[in-house]
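> my questions concern the predicted model and sequence given below.
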Amino acid sequence: MLFNSHLFIVFLVASVVAFRFLPARYRIVYLCALSIFFYSCWRWDFTFLMIFSTSVDYFTARGISGTSDTRKKKLYLAATLAINFGLLAFFKYSFFAWDNVANLLTLLGVETADSRALGWSLVLPLGISFYTFHTVSYTIDVYRGAFKPVRSFPLFMAYVTFWPQLVAGPILRAGEVVPQLEAPRPVDFADVMYATRRIITGLFKKVVIADNIALNIDKIFDSPMGFFSGAAGNDIMVLAFLFGFQIYCDFAGYSDIALGSARLMGIRFPENFDWPYMARSPREFWLRWHISLSSWIRDYLYMPLLGARGNTLSAGGITAGDTGGNKTAALFLTWLIMGLWHGAAWTFALWGLYHAALVYLFRKAVFLRTFFERVPLFGWFFTLYFSMMGWIFFRAQSLEQAMVMFGKAVNPLAWGAPQLGFPYYFACAGLVAAMAAAYHFRQFARSRAGWDRFFAVSEFAATSVMLFFTLIYLRTVGQFIYFQF
Amino acid sequence: MVNIIARRHGVAVFLSLFAGFFAFVVFLYRNAVFDPNEASLDFQTRSQYAVFDGERVSFREEFGEAAEAVGRFRGRGKRVALWLGTSQIHAINMYREGDRLAVSYADERAKERGADIVHLQVSLPNADMNEYLAVYAALRARGRAPDWVVLSLVYDDLREDHVRKYVVENLPPLDGLKKEGFGAGIDNLARAAAERAAGGGENADAEKTLQAVLEGKVTAFIEKAWPEYALRDRSRGRITLVMTRASYWLYSLTNRIRGRGRDSVRTAPRVSPVPKDAKAWNMAAFESLMAMAKKDGVKVLLYRAPHPKYDGPFYHDRADYDRFAARGRGFAEPGRVYYRDLENLIPAKFWYRREAMDFFHFQEPGHRLLGNEIDRIIEEIKKEPNAF
């Protein structure tokens, strides 16, 4: 189900009210039913795949905890990884793999048709990247002894399929969610209002900002190569910034709605975004952007590559705290995989490697780090600019387009008279200014305990304005960007 | 203390629900009559209707009224020249009270020279060839095909890939037209109409989901209980217009700061290339329209739409731009189809809105020039051998 729809509002109210008034013994089954219905709004037939994936991890985790034989434990773990990642690989990467093989064979003189020429098509199950990571993290945590296996299948299924985070995260650990599902916190007036504000904020980000940016820049990004060859670098920079705001508002908006919806049921999620575009270094950016994913990657990929044990919370992102291992290799491999997780294309891999390169540069260039610590404003400029430019790789249709666009955007000699209309520049500057103002206002608000009444009034004003615009713009124009992952 | 703060913020959010909703309702009702198409025009450009001798001569989505007008003038022994075009012929840049559209100037000139011709127009914002084809088919089905069609050739609108809902609603059954063999344009139009009628569009797959079905029911329920809720597009249009005004106010400010005025070098904003698919789709409609006009014995005047002259690189692919014009020229046939290049008809000064240039809409003097020129061309053509 799409959050940006009237149907969702009806679903939310109905499901939350029923959840609160249902006897506790029925709530888990009710949640499972809600989540199945939520997913079925897209495709009911793919719910079986989701249930299958859930079942595999439920039983393998039980098997792991039910034996003391280390070899058997490893076999169970290997089985769940093979099945879950095998499914993910099949649905998401099989065509990509075939196309690369076909290109290679063609280069070697063996003409081979790619997937498009062969007329292949395969539906990517909604949210498969997300619920696969949920289930796998659970089984690994059980294997590590960090979490006891869930005895009740409905409870485990409720954790995996919990609808607020089912199709686009946050990617949460069983230890964070299962205890809350068993015993949700009481929800008072302040919780309901907090949740309501988060939902309104999320819808505002999605339907007012993200969708309107998309309406104006999607067709430009989908232009043939010739357009970008002749475009001015500053225009491409503006497009990259606008896409950066689009994807942030789209994804962070989804997380806001997910957090708010869960809060209404007494379940608290950790934050998934923490003003990433206000980061003052590449490393800080990754402590603020899609925190649950970078934490997952840290605990199940990065730390193991360094020979260390991962954490058990989906917070904190990838930190420099590590022991042993080849940090550089781990860094680049981790980000390569993180890039490919987003999409089966070399542009996504390049995006991941680009960010790894930025983090690496920051690790090595001590003078840069010191300078940014002394002059945070430059750190912010640098990080904002380069993280926005990175979105070129993410959004480009092809490697060639990505390289041409990026090359022009970062090369001052390729800048020239603006060809994009003035409103694009105005929107870009306005969004940066509004974001910085809102961030600093919020920081100020948090540091001024005695000014609480004033900030409550500002919250009243901001929420009123967001609700006003959300009601005008609420319509199902497009799905969330992260649905395609 | 923390609880008090949380509660205070909770009350603030609670009150904001009422304030936000109230503001929404007020805005919704205040903009219930706003035309969202106005939002796509610059804030100093206004859409107009043309009236001549007390009768309306320009139409937009009112196809039925356009057909009635054709019938009415025919009944008085007049020949009807139907202009098909975009907002260029119904919008006036830097509008002032009393400004008139080109079509009414054409009618005035025709009347002065005692011609038996009446100029009418049907224009839609960003209309594409498929919509022109649909308008012609709609009039034809009502027995109201004009005596000739005056068709504005706008290269940029070859990128448009829509057929509007109200255009589809006015279409006659197209099966008969398909059998008459007017080409792929009719088949494409029939397909687009069928998709529109089924509620399908670019994302037809998504629209078959349970989400789409239930969302449709929920939205229909809300709009039935509260009809004004369906008019939110007008509120969106108003906001777009306000944002456009704000951005152009800022633009004017930067021009003043930089000392840029009307005599400064102008470069056009670069636009993305016309997608091949949309172009092919529209060209097929163009061919079908010309085939229908030929069969009906309707004369056609094709004209390359006016465009401002400016410095700097052309904002389209010039070669493709000229190819499109050449295709129009290729239809020319003495006694039946005529082509004129009016690209440079209107001087640059008539394309300005204050210091900025609108590359598509011109001021009222431009409308006077266009209207007089079209009627002059028709007068000139009448003097040719084999003229109509």
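Happy to help now that I have it. Fair warning: this is a prediction, and the values are worked out from it, not measured in the lab.

> wait, B:E343 sits on B:P308?
No: the pair B:E343 / B:P308 is not scored as a contact, 9.5 Å apart, by Cβ atoms under 8 Å. No exception for glycine: its C-beta is placed from N, CA and C like everyone else's.

> more crowded one of the two?
Using other Cβ atoms under 10 Å in any protein chain shown as the criterion, B:E343 and B:P308 rank with B:P308 on top: 21 against 18.

> around chain B, which positions in the stretch 351-485 of chain A sit nearby?
A:417-423, A:426-427, A:452-453, A:455-457, A:459-469, A:471-473, A:475-476, A:479 (Cβ under 8 Å from any Cβ of the partner chain).

> are any of these buried, and which?
Buried by 16 or more other Cβ atoms under 10 Å in any protein chain shown: A:418-423, A:426-427, A:455-456, A:459-460, A:462-469, A:471-473, A:475-476, A:479, out of those.

> residues in contact with the nearest residue to A:A461 once chain neighbours are set aside?
Counting by Cβ to Cβ, 6 or more residues apart in numbering or on different chains, B:S16 is the residue found nearest to A:A461 once chain neighbours are left out, at 7.6 Å. Contact analysis of B:S16 by Cβ atoms under 8 Å, 6 or more residues apart in numbering or on different chains lists A:197, A:459-464, A:467.

> three-state assignment of B:V122?
Using DSSP: H, G, I helix; E, B strand; the rest coil, the structure places B:V122 in strand.

> now B:G335: phi and psi?
Backbone geometry at B:G335, expressed as degrees, to the nearest 10, gives phi 90, psi -10.

> kindly report the same for the one 4 residues further on.
Backbone geometry at B:Y339, expressed as degrees, to the nearest 10, gives phi -130, psi 140.

> didn't it look like it was pressed against B:F324?
No: counting by Cβ under 8 Å, B:Y339 sits too far from B:F324 to count as a contact (11.8 Å).

> for B:S152, give its distance to chain A.
With distances taken as Cβ to the nearest Cβ, to the nearest Å, B:S152 is found 23 Å from chain A.

> list the ones among the residues of the stretch 351-485 of chain A next to chain B that fall in helices.
A:422-423, A:426-427, A:452-453, A:455-457, A:459-469, A:471-473 (DSSP state H).

> ok, A:T139 - contacts?
A:T139 is in contact with A:57, A:60-61, A:64, A:76-77, A:80-81, counting by Cβ under 8 Å, 6+ apart.

> quick one, which of those are buried?
Taking 16+ other Cβ under 10 Å as the criterion, what is buried in the contacts of A:T139 is A:57, A:60-61, A:64, A:76-77, A:80.

> could I get those as JSON lines with pLDDT and distance to B:Y29?
Shown next, in JSON lines, are these (pLDDT from 0 to 100; distance: Cβ to Cβ, whole Å):
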{"residue": "A:D57", "pLDDT": "92", "distance to B:Y29": "53"}
{"residue": "A:T60", "pLDDT": "94", "distance to B:Y29": "59"}
{"residue": "A:A61", "pLDDT": "93", "distance to B:Y29": "57"}
{"residue": "A:I64", "pLDDT": "93", "distance to B:Y29": "62"}
{"residue": "A:Y76", "pLDDT": "93", "distance to B:Y29": "63"}
{"residue": "A:L77", "pLDDT": "93", "distance to B:Y29": "62"}
{"residue": "A:T80", "pLDDT": "94", "distance to B:Y29": "58"}
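
> average pLDDT for stretch A:301-318?
Regarding stretch A:301-318, the rounded mean pLDDT is 73.

> now do stretch A:453-471
92.

> what does that stretch contact?
Outside stretch A:453-471, the residues within contact range by Cβ under 8 Å, 6+ apart are A:197, A:200-201, A:203-204, A:207-208, A:441, A:445, A:448, B:8-9, B:11-13, B:15-17, B:19-21, B:23-24, B:27, B:232, B:239.

> what about the residues you listed, which are in helices?
Those of those mapping onto helices are A:197, A:200-201, A:203, A:441, A:445, B:8-9, B:11-13, B:15-17, B:19-21, B:23-24, B:27, B:232, B:239, per DSSP H.
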